[in-house]
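Colleague: When you get a sec, could you give me coordinates for this:
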Amino acid sequence: MKEIVLLKCGELVLKGLNRTSFEDTMIKNARRRLEDLGKFHIWKSQSTVYVEPLTQGIRMEEAVERLQTVFGIAALCPALVVPKDWEAICAAAPDYLAASLTAAKTFKVNAKRSDKSFPMKSPEICRELGGLLLSRFPHLRVDVNDPEVTVTVEVREKDAYIHKDQLPGAGGIPVGTGGRAALLLSGGIDSPVAGYMMAKRGLELIAVHFASPPYTSERARQKVISLGEKLLPYTGRIRLFVVPFTRIQEQLRDRCPEEYFTLLMRRAMMRIAETIALGEDCQGLITGESVGQVASQTIQAIGVTDCVTGLPVLRPAIGLDKSEIVAIARKIDTFETSILPYEDCCTVFTPRHPRTRPKPAEVARIEEEAALPPELFEEAVREAELIVLSLHHHSQPV
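Modeller: Down below sits the predicted model:
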């Protein structure tokens, strides 16, 4: 039996004249995702991408699982390749589908005949193959409205393909088609979700994390590396910058009113992240903020932090509540890592009564009075540790 995987491209078919470049990027990402499993031939034809294993013994179940994390793929299914001959289809289908049909009670047959020269029309294929399967699996009954298993026969230009129900893909558009942005990656639940959501819209990610030793631990740093690695199946390689932030936080603690500390800290973060982002050819910043979730995420506070950067700040979780964010975190397997009890720098020197409705001019005046030396920001950028996160290699500082 020769098995391949059929990929359906979803919204990419709506891209008009740019469609080919989107599909080509998706194929490149799929090829990279599979590269250590063996050799594959990947090509496209008639709105379908074909993934054919060329190496003997490739674990097809693992290949399918990996392809389910590639953005741009709306649905996929393993399929048996058979000659475009009715007798060959009838000989192969019962054995290939045996496990699924034995466990089911109801089924139906669909047929797609893109090769109109095939002598049987789609209704005839459905009727004849359905009758054959009923004779081989007499416990089954046909249910055309809500079957447990849908058997599909696709007759295409070169071969015929037999498969059962499609599996869901990651959807979205391929990473790399929407530009590049810097994700402010904390150790919490929200920011990995924000990175995933923007990667789904085609953005390539770098990540910026702020560390404040000795107030934050090596375990907190490792936790953020682990969160970045959890995102890799969806994003591909991530360049993670770990910024030493202790001196800036201590200076802010000593020089500004307590209730303004978080606001000025976040403005400092945005400035540093922007500098790193521009050096990495990014066109935007990404944060995990959600309006009203904490005191620093009121619309007034968000406005105060936005105004110090010239880059657009993308907040894909801005209208989600915590339960919705947690659901996505569980889906992408970051939740259990995010809740590990290792605090990040955002919890250091937290004010008892933070300002929730600040005015930009007021915050700018207090920031000016605090007068942090520019050298502190330059030093933080210069001494940022670069760690390259990659699916197929151990994460290493550079």
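
Colleague: drop to CA atoms for contacts and neighbour counts, all remaining ones
Modeller: Noted.

Colleague: Neighbours of Val243, how many?
Modeller: By the other CA atoms under 10 Å criterion, the neighbourhood of Val243 contains 23 residues.

Colleague: List the contacts of stretch 38-53.
Modeller: Stretch 38-53 has contacts (CA atoms under 8 Å, 6 or more residues apart in numbering) with 3-9, 13, 27, 31, 34, 54-55, 58.

Colleague: which of those are buried?
Modeller: Among the contacts of stretch 38-53, the ones that count as buried by 16 or more other CA atoms under 10 Å are Glu3, Ile4, Val5, Leu6, Leu7, Lys8, Cys9, Ile27, Arg31, Leu34.

Colleague: Helices - which of those residues land there?
Modeller: Ile27, Arg31, Leu34 (DSSP state H).

Colleague: show me what contacts the last one?
Modeller: In this case it means Leu34. By CA under 8 Å, 6+ apart, Leu34 lies in contact with Phe40, Ala63, Arg66, Leu67.

Colleague: can you put those residues in a markdown table and add neighbour count?
Modeller: Below are these laid out as a markdown table (neighbours: other CA atoms under 10 Å):
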| residue | neighbour count |
| --- | --- |
| Phe40 | 17 |
| Ala63 | 20 |
| Arg66 | 16 |
| Leu67 | 25 |
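
Colleague: Farthest pair within those?
Modeller: Farthest apart among these by CA to CA are Phe40 and Arg66. That separation is 13.4 Å.

Colleague: Least confident of the contacts of stretch 38-53?
Modeller: pLDDT across the contacts of stretch 38-53 is lowest for Val13, at 81.

Colleague: Pretty sure Thr20 is one of the things that residue touches, is it not?
Modeller: No: counting by CA atoms under 8 Å, Val13 does not reach Thr20; the two are 9.2 Å apart.

Colleague: quick one: the helix or strand hosting Gly228 to chain centroid distance?
Modeller: Using DSSP states H and E, Gly228 maps to helix 218-235. A distance of 14 Å separates the centroid of the chain from that of helix 218-235, by CA atoms, centre = their mean, to the nearest Å.

Colleague: likewise stretch 194-208?
Modeller: With CA atoms, centre = their mean, you get 7 Å for stretch 194-208.

Colleague: ditto for stretch 236-248
Modeller: Taking CA atoms, centre = their mean, the mean C-alpha location of stretch 236-248 is offset from the chain mean by 21 Å.

Colleague: and if you look at stretch 26-35?
Modeller: 14 Å.

Colleague: Any buried residues in that stretch, and which?
Modeller: Buried positions in stretch 26-35, judged by neighbour count with 16+ other CA under 10 Å: Met26, Ile27, Asn29, Ala30, Arg31, Arg33, Leu34.

Colleague: for the stretch 101-250 of the chain, what spans make up the strands?
Modeller: Along the stretch 101-250 of the chain, the segments classed as strands by DSSP state E, counting those that start in this stretch run 106-113, 141-142, 149-155, 160-163, 167-168, 180-184, 204-211, 238-244.

Colleague: who's in contact with Arg221?
Modeller: Taking CA under 8 Å, 6+ apart, we find Arg221 in contact with Ala211.

Colleague: That one and Arg271: what is the separation?
Modeller: For Arg221, the distance to Arg271 (CA to CA, to the nearest Å) stands at 21 Å.

Colleague: Next: Val304.
Modeller: Distance, Val304 to Arg271, using CA to CA: 12 Å.

Colleague: again with Val144
Modeller: Going from Val144 to Arg271 by CA to CA gives 59 Å.

Colleague: For these two, indicate the residue with more neighbours.
Modeller: Arg271 (18 against 13).

Colleague: In which helix or strand does that one reside?
Modeller: Arg271 belongs to helix 261-279 when elements are defined using DSSP H and E.

Colleague: Averaged pLDDT, that helix. What do you get?
Modeller: On average, the pLDDT along helix 261-279 is 95.

Colleague: Partner strands of the following helix or strand past it, with direction?
Modeller: Per DSSP H and E, helix 261-279 leads on to strand 284-286 as the next helix or strand towards the C-terminus. Using DSSP bridges, strand 284-286 pairs in its sheet with strand 180-184 (parallel), strand 313-314 (parallel).
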